[in-house]
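Peer 1: okay, structure incoming, though there's no sequence with it:
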């Protein structure tokens, strides 16, 4: 009976992973379409490019999460992993999040700086959150290294 629940769990994670991958692909297509329409409609290309960068960064993060779920939950079993392997998996996932936060914050800084300087507070908080994630990763690594 355990094999059935394991098979169902892996199937659900595989389905979620494929959906996330398709959503990521759709976001990339939408970003390219936005650039294409801006070029042909003689619209503001810089705005379209910044929007595309934001969408592609989010798409990259979604794709990385999809790949992570596929590798960790479908293709391998975390039950047999050592503490070191589990720690590396968690670190890899959080690094993906930190990179996505950082890139998105930078895109928002450029976007907000062009519109209204008072809007820079929001991307600043996003960049601070990314820094806090990296600091948290460092503290986690420092605390868990002793257990090895």
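Peer 2: Noted; the coordinates are in hand. All values reported here derive from a predicted model rather than from experimental measurement.
Peer 1: and residue 137, how far is that from residue 93?
Peer 2: Computed as CB to CB, to the nearest Å, the residue 137 to residue 93 distance reads 10 Å. C-beta coordinates here come from the backbone N, C-alpha and C atoms, glycine included.
Peer 1: in the chain, which helix or strand is least confident?
Peer 2: Scoring the helices and strands of the chain by mean pLDDT, DSSP states H and E places helix 83-115 at the bottom, with a mean of 79.
Peer 1: what sits up against whichever helix or strand comes after it?
Peer 2: Once the chain leaves helix 83-115, the next helix or strand it forms, by DSSP states H and E, is helix 121-145. For helix 121-145, contacts defined as CB atoms under 8 Å, 6 or more residues apart in numbering pick out 83, 87, 90-91, 94-95, 97-98, 101-102, 104-106, 108-109, 111-112.
Peer 1: max-length helix in the protein?
Peer 2: helix 2-40 (DSSP state H).
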